[in-house]
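Engineer: need a structure here:
(chains A and B, ligands or ions: 1)
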Amino acid sequence: MPISSRNDYHDLPDQGGHFGPYGGLFVAETLMEPLAELRAAYERYMGDADFLAELDNDLASYVGRPSPLYFAERLSRETGGARIFLKREDLNHTGAHKVNNTVGQALLAKRMGKTRIIAETGAGQHGVATATVAARLGFECVVYMGAVDIARQEANVYRMKLLGAKVVAVDSGSRTLKDALNEAMRDWVTNIDNTFYIIGTVAGPHPYPVMVRDFQSVIGREARQQIFAQAGRGPDALVACVGGGSNAIGLFYPFLSDEGVGIYGVEAAGEGLATGRHAAPLCAGKSGVLHGNRTYLMQDENGQIIETHSISAGLDYPGVGPEHAWLKDTGRASYVAVTDEEALDAFHQLTRTEGIIPALESSHAIAFATRLAAGMTPDQIVLVNLSGRGDKDMHTVASLDGIKI
Amino acid sequence: MSRISDCFRHLAARHKTALIGFITAGDPEPGITVPLMHAMADAGADIIELGVPFSDPMADGPVIQRANERALRHGVSLRDVMDMVREFRMGNQDTPVVLMGYLNPVEALGYAAFASQAKDSGVDGVITVDMPPEEAGEYLTAMRSEGVDAIFLLAPTSGQQRISGICKAASGFVYYVSLKGTTGAATPVIGEVAAKVSEIRKHTNLPVGVGFGIKDPESAQAMAQVGDAVIVGSVLVSKIENSLDDPQAITPAVVRILSDMRSAMDLI
Ligand SMILES: Cc1ncc(COP(=O)(O)O)c(C=O)c1O
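Structural biologist: Sure, this is the predicted structure:
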């Protein structure tokens, strides 16, 4: 389907939640009316001045927005090419972009009169961001997490418990993020009356992909103003890592109509796309239906979802938000992949040159950004979403270096 | 006339309620499925519902999730399941078979190919749990052109408008999910189910099946007074699971519970 005018990007999704052939609403019947209620509440409050004022206030005084846009001068010099700017989502409360969305959805839950919050989590960042807002608003909170992820993200499990959340280990399927999402859906279908399900990325059935995008778009709106204020011009390229795709769409969305801006989403190539051990559905998967929407998926020839691999738990997901699938097919955005090893190198490089320890997820974006910038000129600008900080990854990186902490 | 509507017509003539038994195809291994289907039909199952294994069975409780995992360990695919139905048909031309599964394996095969292969192998109806009528345009066209019944679920949360729309899209029968939850969850409250089923009947003349949470002959009997069909799944699958160490015991255990349910239902 051709894009006939630049504004088309902002007209999507349609009423049914479709981005071209992607997205939509593929769930069991029991969830159809609850999702319709959620959609109605969401549409109502996104036009409600009181709600938006409360959201803005929370983003400023609780999350710490706006997050800075930082010129990474030494990294740029070492790279030798375009100037690299970092959008510092790592400086948000709880250490990642995830909280932009949980603050928004929790306010919506409060307006809808729900008393119980559930969430799925992979790396634990979304779980922590959910447990945090639940503590603040006095909600009961249950977080589903794959048993494999619980073992590799102990610190975040403890943080969630400190915050008063119950963390439920999911032992089915591959025992990772996708199974946690299945289990959260099962909880939701059972406890619909009092429960609000906060999905952590731009996946899931309509309206989640559009709702999470809208809550995360604050990243791109701020970045757009900041780059013009600081550099006197817009960026030549945007770069963000893509797990489910929420930090990426949050940065990209406000720039979609800026025709000169190149847009790059970076997936996890794990041990290499050729090995099959990766988490790159846009680069190496095909279209299918999972978790309530149609999108690119990692699947076998029989339509079974296959296990993913990435050094970063937050990118370890076999699907991707449907809007990214659409942006790929239309050519408006390009999707590339970075291996575990390249991401680790970037992790160390940013830490060394700028004194910023990035999350392993964000390190994928840094790795591609330096590769891209190296082929550009110093008058050009690459703007990277630094989606989170690396504190949660200390154990993973240390153990690769043979150090036990 | 489809096998499904024939089946309901014959039962209605004898004032009987249909008993629909569900097992996951290929659980615990592919060789058992066809003989088990024959045994279920002999034990009084009027319709057999065959679960198509999927890696992410979001609407299922732990019992059926584990059945999916057992079948997938043997690589059981949608094509394999249709082959099982083809084999079943060699010895049984009458008992309707309904496939119940998730959309992605169907997407991977393609709607048209799926519908024609299903028809070819002797499948009578298809329930695709995560395919609501809103998204089902092409899917319905494919099923209708092959004469395969597209069966849809209704839930306690379904309002008037949805009930009416779904009844229009459905054929064969409509499947009322008797509680908010996954398969195998708590026992539904009979009064609430009765109220909803009579609401559904205002919108359709199709038979109404009631399923989810029916565990024993007593609850089967109670539901038989409300619906045109009683659908039992997790209880059968848990009999299979309890006999994993002794595969010989699987068929007798499934047969026993089905016959007990059949007898209890026939008392009314
Ligand atoms: C720091 C960070 N970045 C990125 C992601 C990936 O999620 P998304 O693609 O939705 O931004 C995660 C997920 O846990 C994360 O913690």
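Engineer: any idea how far the ligand is from B:R201?
Structural biologist: Taking Cβ to the nearest ligand atom, to the nearest Å as the measure, B:R201 falls 45 Å from the ligand. Backbone N, C-alpha and C define where each C-beta goes, glycine included.
Engineer: and after the helix or strand harbouring A:V99, which helix or strand comes next?
Structural biologist: Assigned by DSSP states H and E, A:V99 belongs to helix A:98-111. On the C-terminal side of helix A:98-111, the nearest following helix or strand under DSSP H and E is strand A:116-121.
Engineer: elements contacting the helix or strand hosting B:V237?
Structural biologist: Assessed by DSSP H and E, B:V237 sits inside helix B:234-242. When contacts are defined as 3 or more Cβ pairs under 8 Å, 6 or more residues apart in numbering or on different chains; DSSP states H and E, helix B:234-242 sits against strand B:18-24, helix B:62-73, helix B:250-266.
Engineer: which of the residues in that helix are buried?
Structural biologist: Neighbour-count burial for helix B:234-242, with 16 or more other Cβ atoms under 10 Å in any protein chain shown as criterion, is recorded at B:234-241.
Engineer: quick one, helices of the stretch 151-268 of chain B?
Structural biologist: B:160-169, B:190-201, B:217-224, B:234-242, B:250-266 (DSSP state H, counting those that start in this stretch).
Engineer: so what's B:A59 up against?
Structural biologist: Residues near B:A59 by Cβ atoms under 8 Å, 6 or more residues apart in numbering or on different chains: A:28, A:30, A:186, A:189, B:129-130, B:182-183.
Engineer: and if we set it to 10 Å?
Structural biologist: Contacts for B:A59 (Cβ atoms under 10 Å, 6 or more residues apart in numbering or on different chains) come out as A:27-31, A:182, A:185-186, A:189, B:100, B:102, B:129-130, B:153, B:177, B:181-183, B:212.
Engineer: swap in A:P318?
Structural biologist: By Cβ under 10 Å, 6+ apart, the contact set of A:P318 is A:174, A:176-178, A:279-281, A:285, A:288, A:290-291, A:296-299, A:305-308, B:55-56.
Engineer: can you get me a residue count around the closest residue to the ligand within the stretch 1-150 of chain A?
Structural biologist: Distances between the stretch 1-150 of chain A and the ligand by Cβ to the nearest ligand atom are smallest at A:Q125, namely 3.4 Å. Using other Cβ atoms under 10 Å in any protein chain shown, A:Q125 is surrounded by 28 other residues.
Engineer: what separation do you get for it and A:A155?
Structural biologist: 11 Å (Cβ to Cβ, to the nearest Å).
Engineer: try B:H203
Structural biologist: 54 Å.
Engineer: same question, A:L177
Structural biologist: A:L177 sits at a distance of 17 Å from A:A155 (criterion: Cβ to Cβ).
Engineer: what do you get for A:A374?
Structural biologist: Counting by Cβ to Cβ, the gap from A:A374 to A:A155 is 35 Å.
Engineer: find the nearest non-adjacent residue to the closest residue to chain B within chain A, please.
Structural biologist: Closest approach between chain A and chain B, counting by Cβ to the nearest Cβ: A:G303, at 3.1 Å. Nearest residue to A:G303 in three dimensions, chain neighbours excluded: B:A108, at 3.1 Å (Cβ to Cβ, 6 or more residues apart in numbering or on different chains).
Engineer: residue ranges of the helices in the stretch 1-150 of chain B, please?
Structural biologist: Assignment of helices within the stretch 1-150 of chain B using DSSP H, counting those that start in this stretch yields the ranges B:3-13, B:33-42, B:62-73, B:78-91, B:103-109, B:111-121, B:137-146.
Engineer: the third one close to chain A?
Structural biologist: Yes. Among the residues of helix B:62-73, B:62, B:65-66, B:68-69, B:72 lie within reach of chain A under Cβ under 10 Å from any Cβ of the partner chain.
Engineer: up against chain B, what does the stretch 1-150 of chain A have?
Structural biologist: Within the stretch 1-150 of chain A, the positions near chain B by Cβ under 10 Å from any Cβ are A:16-18, A:24-37.
Engineer: contacting residues for residue 117?
Structural biologist: With no chain named, the answer covers chain A. Taking Cβ under 10 Å, 6+ apart, one finds A:102, A:105-106, A:109-110, A:130-131, A:133-134, A:137, A:139-143, A:165, A:195-198 in contact with A:I117.
Engineer: wait, chain B was what I had in mind.
Structural biologist: B:78-79, B:82-83, B:85-86, B:109-110, B:123, B:146.
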